[in-house]
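Peer 1: take a look and give me a structure for this.
(2 chains)
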Amino acid sequence: AQSVAQPEDQVNVAEGNPLTVKCTYSVSGNPYLFWYVQYPNRGLQFLLKYITGDNLVKGSYGFEAEFNKSQTSFHLKKPSALVSDSALYFCAVRDQYTGGFKTIFGAGTRLFVKA
Amino acid sequence: EPEVTQTPSHQVTQMGQEVILRCVPISNHLYFYWYRQILGQKVEFLVSFYNNEISEKSEIFDDQFSVERPDGSNFTLKIRSTKLEDSAMYFCASREGTGDEKLFFGSGTQLSVL
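Peer 2: Sure, this is the predicted structure:
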């Protein structure tokens, strides 16, 4: 079975400071890992993904994430937060070989960036 | 950029009534999904659909739920007899399936069961 944990309900950061949103996962095989962002009254938008290769992946809007297999983590990071980054962030996983067709989402972390 | 479209954006229904939520996935995508989100919280998997059949479903997706792709473009979710606890935002998503693993989501249908 696959699962995703986002340990923080909310992350608060000042504009211009670095931000980290944490995610850990559990799969039987190798993971496909994703981050999605949701703005109010909108669907989820893809930010970035890890499929294979370089552990550091870069995505939209200056976000990046690092895949750490030993810690089963895929934390989302950005060097300098913007007020416009305030949104709900979801980590997601799909098992490459045994996960079937579904992508499983974490509970979400609300990011609040203060000016 | 191509997008997934969902209609209606809001649906209000009485308990026990049937509702159909409609989605038009991106045209060259092969995998289709329904998810739901209650009160802006966790996004829950309902069902995946591939090659004109259900490929996987969650325990939420009981006999009251069904999906259909009637005409090669639309993808519908039917709830036969709605319950109060079915009130949620329902998202349709699609995936190309040729190595690009990301999901494209619609803007959702907010279902309110009274």
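Peer 1: close to chain B: what parts of chain A are there?
Peer 2: Chain A comes close to chain B at residues A:32, A:34, A:36, A:41-46, A:49, A:51, A:88, A:90, A:94, A:100-108, as judged by C-beta under 8 Å from any C-beta of the partner chain. To be clear about C-beta, it is placed using only N, CA and C from the backbone, and glycine gets the same treatment.
Peer 1: what do you get if the cut-off is 6 Å, keeping everything else the same?
Peer 2: A:Y32, A:R42, A:G43, A:L44, A:F46, A:K49, A:G100, A:F101, A:K102, A:F105, A:A107 (C-beta under 6 Å from any C-beta of the partner chain).
Peer 1: okay, now B:N52: neighbour count?
Peer 2: Taking other C-beta atoms under 10 Å in any protein chain shown as the criterion, the count of residues near B:N52 is 8.
Peer 1: check the gap between it and chain A for me.
Peer 2: To chain A, B:N52 is 14 Å away according to C-beta to the nearest C-beta, to the nearest Å.
Peer 1: how near is that residue to A:S60?
Peer 2: Using C-beta to C-beta, to the nearest Å, B:N52 is found at 33 Å from A:S60.
Peer 1: can you check A:D95 too?
Peer 2: Separation of A:D95 from A:S60 (C-beta to C-beta): 25 Å.
Peer 1: and for residue 103, the neighbour number?
Peer 2: Went with chain A since none was named. Applying other C-beta under 10 Å, we find 27 residues neighbouring A:T103.
Peer 1: ah, no, chain B please
Peer 2: Counted with other C-beta under 10 Å, the neighbours of B:L103 add up to 25.
Peer 1: right, and it touches B:C92 too?
Peer 2: No - contact criterion C-beta atoms under 6 Å: B:L103 and B:C92 do not qualify, at 10.0 Å.
Peer 1: buried ones in the host helix or strand of B:Q110?
Peer 2: For B:Q110, the element it lies in under DSSP states H and E is strand B:109-113. Neighbour counts over strand B:109-113 (16 or more other C-beta atoms under 10 Å in any protein chain shown) mark B:T109, B:Q110, B:L111, B:V113 as buried.
Peer 1: what of stretch B:88-97?
Peer 2: For stretch B:88-97, burial by neighbour count (16+ other C-beta under 10 Å) applies to B:A88, B:M89, B:Y90, B:F91, B:C92, B:A93, B:S94, B:R95.
Peer 1: and the pLDDT for the second one?
Peer 2: Predicted confidence (pLDDT) at B:M89: the value is 95.
Peer 1: then the last one?
Peer 2: For B:R95, the pLDDT comes out at 92.
Peer 1: so what's the nearest residue to it once chain neighbours are set aside bridging to?
Peer 2: Counting by C-beta to C-beta, 6 or more residues apart in numbering or on different chains, B:Y31 is the residue found nearest to B:R95 once chain neighbours are left out, at 4.2 Å. Note on B:Y31: beta-bridge partners B:Y50, B:R95, judged by DSSP bridges.
Peer 1: could you identify the most distant pair in the residues of chain A next to chain B?
Peer 2: A:R42 and A:G100 (27.1 Å; C-beta to C-beta).
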